[in-house]
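In: the amino acid sequence is not available; the structure is as follows:
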Ligand SMILES: [Mg+2]
């Protein structure tokens, strides 16, 4: 199908979220999103370093466009270029889906279905007792059968959030949840290999099956030491965007489960590269999707289509008290959980409608040809 030539890229942003609208001369449009946080800065990258290379180009071949931006902006590799490209990529997938009257999951070769979700806590400033209490409530109310909570401190160099928290939060939460529940924890680059292995032994004793980002993520050999020493899955990759780093991570078996973030990766097209590398190596993909913006919607479509999905979708349990910026982004509730599962939206494209009231309050900028 001919989707036409790209005539404009529009951004609607606040400090946290930037939605992107792409329009073509065939009168088609699609909505995407850059990665969250510092979204206003990312919007500038989109207009200065992405738009000039894609305006006037065909909207048909998303990979060609991403490669073109990367080549033209080869002196600016890294996170911001990917974050901005994610806005272009995800808007184009939406456009192509809407033009063909299909949800993106079908464009990717999958179909709409229910996905098991794990309830993911973003908090460390919470006592083990309070974490356990809210998990049990969520288990009983929504039927979640998988939970992730936090140990150590973010990039904490073995210094805990407060003394003894890790040793307490692991058994308190695990035992409160009881049997028949998948239990995951996240170290957020907090430990040395020695301390991570010590924590890992505690996790194994308490029935936790997934130990995420135990060591500094950029030190792959440290993570590998932990993976080799433990029986349970060691997981990681959420920060990584560079495909040669992914290849290295896979070749050395630094982790058991790979966790690309669709938005940090620069969109679906680049994430599929990681999916393919993982598939060749026989490794599962459990993407990082840590808030209820478009990242979780895009991840749902991806998980519905790939051959090597992990066991569940990451589903943030944080609400307006903690992430006030994610309130009111969409019309309706695309994140409804029943029996611990969410359903991939079945409407064309991403299948969600961005809230016009949110857009009206955002800062708008247009690049057009
Ligand atoms: Mg994580």
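Out: That came through fine. These numbers come from a predicted model, not from an experiment.

In: just the residues contacting the helix or strand that contains residue 199, thanks.
Out: Per DSSP states H and E, residue 199 falls inside helix 193-205. Contacts with helix 193-205, where a contact means CB atoms under 8 Å, 6 or more residues apart in numbering, come from 151-152, 158, 166-167, 170-171, 185, 187, 191, 211, 214-215, 222, 225-226, 229-232, 234. No exception for glycine: its C-beta is placed from N, CA and C like everyone else's.

In: how about stretch 20-31?
Out: Contacts of stretch 20-31 (CB under 8 Å, 6+ apart): 2-12, 19, 32-34, 46, 59, 87-88, 90-99, 349-350, 354.

In: now, of the residues you listed, which are buried?
Out: Neighbour-count burial (16 or more other CB atoms under 10 Å) applied to the contacts of stretch 20-31 gives 3-12, 19, 32-34, 46, 59, 87-88, 90-99, 349-350, 354.

In: please list the members of the residues you listed that lie in helices.
Out: Residues of the buried ones among the contacts of stretch 20-31 located in helices (DSSP state H): 87-88, 90-99.

In: among those residues, which one sits closest to the ion?
Out: Nearest to the ion among those, counting by CB to the ion, is residue 90 at 20.9 Å.

In: isn't the closest one up against residue 266?
Out: No - assessed by CB atoms under 8 Å, residue 90 is found out of contact with residue 266, at 9.8 Å.

In: coming back round to it: and the contacts of helix 193-205, which are buried?
Out: Buried members of the contacts of helix 193-205, scored by 16+ other CB under 10 Å, are 151-152, 166, 170-171, 185, 187, 191, 211, 214-215, 222, 225-226, 230, 232, 234.

In: which residues touch residue 335?
Out: Contacts of residue 335 by CB under 8 Å, 6+ apart are 292, 296, 315, 342.

In: adding secondary structure and distance to residue 123, write those residues out as CSV.
Out: Formatted as CSV, the contacts of residue 335 follow (DSSP: H, G, I helix; E, B strand; the rest coil; distance: CB to CB, whole Å):
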residue, secondary structure, distance to residue 123
292, coil, 15
296, helix, 18
315, strand, 15
342, strand, 21
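
In: how about residue 359, secondary structure?
Out: helix (DSSP: H, G, I helix; E, B strand; the rest coil).

In: next, count neighbours for it.
Out: 15 (other CB atoms under 10 Å).

In: same thing with residue 279?
Out: Residue 279, neighbours per other CB under 10 Å, totals 14.

In: surely it meets residue 307?
Out: Yes - judged on CB under 8 Å, residue 279 makes contact with residue 307 at a distance of 6.0 Å.

In: one step back: pull out the buried members of the contacts of residue 335.
Out: Buried among these by 16+ other CB under 10 Å: 292, 296, 315, 342.

In: re the thing from before, and which of the contacts of residue 335 is nearest residue 179?
Out: Closest approach to residue 179 among the contacts of residue 335 (CB to CB): residue 315, at 21.5 Å.

In: residue contacts, the residue of the chain found nearest the ion?
Out: When scored by CB to the ion, the chain has residue 186 as its residue closest to the ion, at 4.4 Å. Counting by CB under 8 Å, 6+ apart, residue 186 touches 148-151, 212-213.

In: bridged to it, which residues?
Out: Beta-bridge pairing of residue 186 under DSSP bridges involves residue 150, residue 212.

In: and it, how far from residue 310?
Out: Distance from residue 186 to residue 310, counting by CB to CB, to the nearest Å: 14 Å.

In: element containing the residue nearest to residue 10 when sequence neighbours are not counted?
Out: The shortest distance from residue 10 to any non-neighbouring residue, by CB to CB, 6 or more residues apart in numbering, is to residue 21 (4.3 Å). Assessed by DSSP H and E, residue 21 sits inside strand 18-24.

In: averaged pLDDT, that strand. What do you get?
Out: Across strand 18-24, pLDDT averages out at 98.

In: returning to that earlier point: from the contacts of residue 186, which two are the most distant?
Out: 149 and 213 (13.4 Å).

In: okay, now the residue nearest to residue 10: neighbour count?
Out: Neighbour tally, residue 21, other CB under 10 Å: 21.

In: can you name the residues bridging to it?
Out: Counting by DSSP bridges, residue 21 forms beta bridges with residue 10, residue 31.

In: that one and residue 337: what is the separation?
Out: Relative to residue 337, residue 21 is positioned 29 Å away (CB to CB).

In: same check on residue 57?
Out: From residue 57 to residue 337 the distance is 39 Å (CB to CB).
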